[in-house]
Structure formats: C-alpha cells, structure tokens
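K.L.:
pasting the sequence and the predicted coordinates here, then a few questions.
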2 protein chains.
Amino acid sequence: MSFSTKGEYGVRLMVQLGRRFGQGPSSLAEIAIEEDLPRPYLEQLVMSLRDAGLVISTRGSHGGYELARAPEEIPMIAVLRALEGPIAPMICATDDSELAHEPTCDRTARCTVNFLWIRIRDAISSTLDGMSLADLVPERVDLAATRPIAIEARPAPPVRSARTPDPALA
Amino acid sequence: MSFSTKGEYGVRLMVQLGRRFGQGPSSLAEIAIEEDLPRPYLEQLVMSLRDAGLVISTRGSHGGYELARAPEEIPMIAVLRALEGPIAPMICATDDSELAHEPTCDRTARCTVNFLWIRIRDAISSTLDGMSLADLVPERVDLAATRPIAIEARPAPPVRSARTPDPALA
DNA sequence: AGTAATCCCGACAGATTAAGTCGGAATTCG
DNA sequence: CGAATTCCGACTTAATCTGTCGGGATTACT
C-alpha cells in the first residue's frame, strides 16, 4: 500500500511554491535544482496541478508557476487528488461502490470487503481534510519546534469548512 | 493511491476462512471456487498469511487452511500487513523514518513532506486497529442489519460518525 | 525586431512491479 | 498404493511508473 513518487515530488513542488508565495512566478528549473528533482518530470506533474486549478502558470520569459491561492486555502487532499487521482484504496471503493455492485453480492466476500476499503478511504480523507499546504510550508526547523503541538493539537480533523469554494474539490 | 489486488483477494480469503472457523481445515480449491479467484494465485497469498501466523495449514489429503485464532482475535491491520507489507504510504514513512533521514534535511522539502505521509499512515493504522476480522465475517445481509452497532461498538477509529460513507468521492 | 527564457505537449524508452501460470516435490489420509 | 492437498520456485505477461527528448508557443527585455 503506497502512494507513488509522483505524489512525493508533486507535494515537494507545492511546498516550494508555498515558500515563494507572493513573490511572483518561479521557474521550474529553479525549483528542480533546489529540490534536486528531474525538471522534465516536474513539467509533467505540474500540469496536473495546473489543470486542477491549484497553480497558475505564466508563460514567456520570467514566467513560471505560482500558487493560485494562499497555502492556507489549499487543502492537501486536493493536491494529492490532482497528482494521484481519487483517493480510493481499492478500485471499487469509489463513489458508486455502495450500490453499483449490489447485483454481484452473492455469497462471495467481495462486498463485505468493500466495507473495509471505504473505512480506510474515509480515514485518509478526513486526515487530509484537516491539512492545508500551509501546514507543510514552514522549514523543517520550525516544523520540528512546533511538531508536538501540530500533531496533538489536531487530533480528529474537525473538517473545517466555510472557506472559499474549492474548484478542485469537485 | 491504492492497495493492490493482493490485499483484496487475501482479505476475501480470510473472510471465507472466518465463516468456516471451527469446522476444521478448508482446501484452497474450495474457496477459490466460492470466491471465483485463481487458485494458484491464492496459493501464493496464503503463504504470507501462514508465515504471519494468521492461518495454519494441514498438509495431505483432507488438509487445508484454517484460522489460527477466532476472527475476533485477528486484527485487520495484521492481515493487511501480512499481505501488503508495512503500512507505509511512502517508502520513507516507515518506523525509522523519523530520524534516519535527518542528515539529508537540508533546504529541500523532503522531510517536511514526510510529516504528511506519517499522518496518513497513522490514520490508516488507527482505523485498522479498531477492526477485527469478525467485523467482516457476517454475510452481507447480516452486516447491513448490524452495521450501526458494528461501527459504534468500537470507538477506536477516529473516523467520522455512523453516517453512511460519503458518496461524494473520497 | 531579435533573442533568450519559459511554459506547453505529445511521443517514446526503460525499469520496475504486479498478476497470474506452471510443473512438480512433499505430505498425509484412506 | 493412490488421491488430495499443501508447498515452492521459476517463469511469463501485462501494466504502470519514471524519466527523456524534441520541438513549438508565448512573453519580456533590449
């Protein structure tokens, strides 16, 4: 069970953009060097982020990418969905799962097991719901200093809402 | 982000064994037919489960597999770990992750991002901690009838309440 | 206008892994 | 003995992920 490195690289890219938020567009080449990642590959990833409305691009000289909104307004679940697709621990644990497979619910354990995947999916979703990019933007040093608070003070993500409607959140 | 079908098949196998608990060993061929899964592949999977001490095997004629303990005593996290390896959403998010990579914590976002994987890993772990094989063993019909109880009776998972799983895509 | 920087995008290659198969050896029951 | 069954390693095939390449489009600056 794992995410792909696509997710890893993409999140690192977003963190870099988060650090530079408000400074105008940053070029991919710059970030690729800073993070020591292959630039051509980042080019692929950033397109998913752009299509999801999480970053905006500026073409031409002195162009680059920047966050579409402040890091606080970018839920991590949107980032990972853009990079990795829907959060589904198993193919059947997507939207339609609850009823779509009823007809095949004979004596096999298929649908029974589905219950498990849905629970896991919800656990991941609610964790991610409680995190925004801002939670990852500080440098490691800062993060380490506040970590006990960061972890304990946010036990069960209270699913904060009432913020600008998220276009990437479907 | 997903589990492999190895996990799916393996859990279904475990559910079948759970249904037959106390009836002596069941052959794989039998279960493969019931679940409509390739028997040779199940053979591979069940070895992981055996090595993990979750099932015991009886060789020879009239042999087969059976649960090593009652379904209530088999936490689902053990089943998935046996089938899929450690619950690590990213390679670095295993136990040692916290300190092993400190030296490489320069200005890149690598370790910062690690924080995210650890949160996700913990969310999955605590969900799975609250479930045993017994929660999946009843037939689908029975499960549906008793589900509210099955969920509430185990307070552990910090998953949001008994509401039916969010149909709005993870 | 020209040039350099940058995004944009499709196609491709290589590596890795997952999924599934096969054949046969070892073990046990009747 | 012979049938049923676990056990186990090797193999194949298919898919996916990771990463590369080449060039076109767009813009800022001089």
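P.N.:
Everything's here; your move. Numbering: from 1, shown residues only, chains lettered A, B, ... in the order given.
K.L.:
right, and residue A:70 touches residue A:134 too?
P.N.:
Yes. Under the criterion of C-beta atoms under 8 Å, residue A:70 makes contact with residue A:134 at 7.5 Å. For the C-beta atoms, the positions are set from N, CA and C on the backbone; glycine is no exception.
K.L.:
for chain A, give me the ranges with low pLDDT.
P.N.:
A:91-106, A:139-170 (pLDDT under 70).
K.L.:
hey, where'd the strands end up in it?
P.N.:
A:55-58, A:64-67 (DSSP state E).
K.L.:
residue B:60: which of these is closest?
P.N.:
Comparison of those against residue B:60 by C-beta to C-beta identifies strand A:55-58 as nearest, at 62.4 Å.
K.L.:
is any residue of the closest one near chain B?
P.N.:
No. Applying C-beta under 8 Å from any C-beta of the partner chain, one finds strand A:55-58 separated from chain B by no less than 15.1 Å.
K.L.:
strand partners of that strand, parallel vs antiparallel please.
P.N.:
Take DSSP bridges as the rule and strand A:55-58 pairs in its sheet with strand A:64-67 (antiparallel).
K.L.:
how about stretch A:59-75, does it reach DNA strand D?
P.N.:
Yes. Legend: contact between stretch A:59-75 and DNA strand D by C-beta under 7 Å from any atom of the strand is shown at A:59, A:60, A:61, A:62, A:63.
K.L.:
in chain A, what residue comes closest to DNA strand C?
P.N.:
With C-beta to the nearest atom of the strand as the measure, residue A:57 is the residue of chain A nearest to DNA strand C, at 3.4 Å.
K.L.:
who are the contact partners of that residue?
P.N.:
By C-beta atoms under 8 Å, 6 or more residues apart in numbering or on different chains, the contact list for residue A:57 reads A:25, A:46, A:50, A:63, A:64, A:65.
K.L.:
repeat for residue A:120
P.N.:
Taking C-beta under 8 Å, 6+ apart, we find residue A:120 in contact with A:89, A:93, B:124, B:127, B:128.
K.L.:
again with residue A:70
P.N.:
Listed by C-beta under 8 Å, 6+ apart, the contact set of residue A:70 reads A:21, A:134.
K.L.:
let's see it at 7 Å
P.N.:
Shown in contact with residue A:70 (C-beta atoms under 7 Å, 6 or more residues apart in numbering or on different chains): residue A:21.
K.L.:
what of residue A:89?
P.N.:
Residue A:89 touches A:117, A:120, A:121, B:2, B:3, counting by C-beta under 7 Å, 6+ apart.
K.L.:
before we move on, what about residue A:90?
P.N.:
Contacts of residue A:90 (C-beta under 7 Å, 6+ apart): A:117, B:2, B:3, B:8.
K.L.:
ok, so of those, who is nearest residue A:138?
P.N.:
Nearest to residue A:138 among those: residue B:2, at 30.2 Å, using C-beta to C-beta.
K.L.:
count the residues that sit near the closest one.
P.N.:
Neighbours of residue B:2 under the rule other C-beta atoms under 10 Å in any protein chain shown: 21.
K.L.:
now it: closest residue in space that isn't a chain neighbour?
P.N.:
residue A:89 (5.7 Å; C-beta to C-beta, 6 or more residues apart in numbering or on different chains).
K.L.:
look up how far DNA strand D lies from that neighbour.
P.N.:
From residue A:89 across to DNA strand D, the span is 13 Å (C-beta to the nearest atom of the strand, to the nearest Å).
K.L.:
go on, residue A:34?
P.N.:
To DNA strand D, residue A:34 is 16 Å away according to C-beta to the nearest atom of the strand.
K.L.:
if I read this right, that residue contacts residue A:15, doesn't it?
P.N.:
No. Assessed by C-beta atoms under 7 Å, residue A:34 is found out of contact with residue A:15, at 10.5 Å.
K.L.:
quick one on the thing from earlier: now intersect the residues of stretch A:59-75 next to DNA strand D with the helices, please.
P.N.:
Taking DSSP state H, every one of those sits outside helices.
K.L.:
from the residues you listed, which two are the most distant?
P.N.:
So, those by C-beta to C-beta: farthest apart are A:59 and A:62, at 10.1 Å.
K.L.:
ok, back up a step: for residue A:19, find the nearest of the strands of chain A.
P.N.:
Ranking those by proximity to residue A:19 (C-beta to C-beta) places strand A:64-67 first, at 10.1 Å.
K.L.:
about what we covered before: now the residue nearest to residue B:2: how far from residue B:88?
P.N.:
According to C-beta to C-beta, to the nearest Å, residue A:89 stands 14 Å off from residue B:88.
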